[in-house]
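[1] sequence-free structure coming up:
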């Protein structure tokens with residue numbers, strides 16, 4: 001339907017007015033606020049939980065596996081919080097005029113007709129989309145931040161909290177680029193194997209089509225992910241906690 005973002009915004013604006021561009025902002029705000037709280041808070045909890053289970057030395061030795069397990073566990077819970085709001089958002093954005101006046105009116109309409117189960121019809125596809133994305137996002141962030149500190153003089157503790165949050169933004173931005181590169185998140189059919197998805201998408205749009213919208217995705221997802229980590233670590237600093245990532249290996253007991 002659209003050849004680019006600006007053309008899309010113009011077309012929507014002419015057809016539906018300025019408010020049409022922001023259709024669904026309410027459930028997006030509430031849904032991703034709830035998801036973010038459970039995702040980041042849950043990640044911290046599960047990272048410590050799994051580290052306590054396997055021990056400090058094994059947690060560092062198999063740290064990537066720990067990051068993947070902790071982020072996947074947190075996302076399972078976070079998506080349960082997100083799903084009702086995502087259900088409302090999708091219906092608002094795919095019906096003309098929008099089926100509901102706002103977020104909570106939409107929840108009321110769905111539950112009155114379909115019960116509370118109607119809010120969770122999309123939970124399995126949401127897990128299928130978000131869990132791999134979050135595992136990539138958190139594991140790559142932790143790895144990139146560790147690589148940045150490994151190439152800087154001194155240790156992480158030698159740098160100010162402001163500098164550490166700057167590293168968090170950089171690590172988050174680069175992790176966001178890795179998340180943005182894959183087109184399969186949006187186009188892989190339920191139950192479809194990875195190789196089959198690649199073949200089908202290639203036949204439909206060709207090699208060049210695999211990268212359609214990539215610069216916009218990098219700018220959006222990279223910036224969004226970078227800002228998420230910077231805001232999150234700024235909050236941790238404000239609360240007196242250390243910033244995320246780049247931890248030193250455990251000291252040997254003598």
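    Cool, got the structure. Just so you know, these numbers come straight off a predicted model, no measurement behind them.

[2] Show me the domain layout of this protein.
    The chain breaks down by the TED database into domains covering 19-120, 132-247.

[3] dump the residue contacts of residue 154.
    With contacts defined as C-beta atoms under 8 Å, 6 or more residues apart in numbering, residue 154 has no neighbours. Just so you know, the C-beta spots here come from the backbone N, C-alpha and C atoms, and that holds for glycine as well.

[4] Report the secondary structure state of it.
    Applying DSSP: H, G, I helix; E, B strand; the rest coil to residue 154 yields a three-state assignment of coil.

[5] in the stretch 101-250 of the chain, which ranges drop under the pLDDT threshold?
    For the stretch 101-250 of the chain, residues meeting the criterion pLDDT under 70 lie at 181-214, 247-250.

[6] Residue 153: how many residues sit nearby?
    6 (other C-beta atoms under 10 Å).

[7] What about it? Give its phi and psi, please.
    Taking degrees, to the nearest 10, you get phi -70, psi 140 for the backbone angles of residue 153.

[8] In stretch 7-15, which residues are buried?
    Along stretch 7-15, the positions that meet the burial threshold by neighbour count (16 or more other C-beta atoms under 10 Å) are residue 12.

[9] hmm, back to that, with respect to residue 9, which of the domains of the chain lies nearest?
    domain 19-120 (5.8 Å; C-beta to C-beta).

[10] ok, which stretches of this structure are helices?
    Chain-ordered helices for the chain, with DSSP state H as the definition, fall at 5-16, 18-21, 25-54, 56-61, 63-93, 103-114, 123-151, 161-181, 184-187, 194-209, 214-217, 223-238.

[11] Tell me which of the ones you listed lies nearest to residue 245.
    Across the helices of the chain, the minimum distance to residue 245, taken as C-beta to C-beta, is reached by helix 123-151, at 3.3 Å.

[12] thinking again about what came up before, save the domains of the chain as CSV, and put in distance to residue 10 too.
    As requested, those are arranged in CSV below (distance: least, C-beta to C-beta, whole Å):
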stretch, distance to residue 10
domain 19-120, 10
domain 132-247, 15
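
[13] Ok, which of those domains comes nearest residue 3?
    Comparison of the domains of the chain against residue 3 by C-beta to C-beta identifies domain 132-247 as nearest, at 10.0 Å.

[14] Distance to residue 244 added to the helices of the chain, as a markdown table?
    What follows is those, written out as a markdown table (distance: least, C-beta to C-beta, whole Å):
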| stretch | distance to residue 244 |
| --- | --- |
| helix 5-16 | 31 |
| helix 18-21 | 34 |
| helix 25-54 | 8 |
| helix 56-61 | 15 |
| helix 63-93 | 11 |
| helix 103-114 | 30 |
| helix 123-151 | 7 |
| helix 161-181 | 6 |
| helix 184-187 | 24 |
| helix 194-209 | 30 |
| helix 214-217 | 24 |
| helix 223-238 | 6 |
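
[15] Contact partners for residue 227?
    For residue 227, the contact set (C-beta under 8 Å, 6+ apart) comprises 169, 172.

[16] let me redo that: residue 23
    Remark: with contacts taken as C-beta under 8 Å, 6+ apart, residue 23 is in contact with 16, 92-93, 98.
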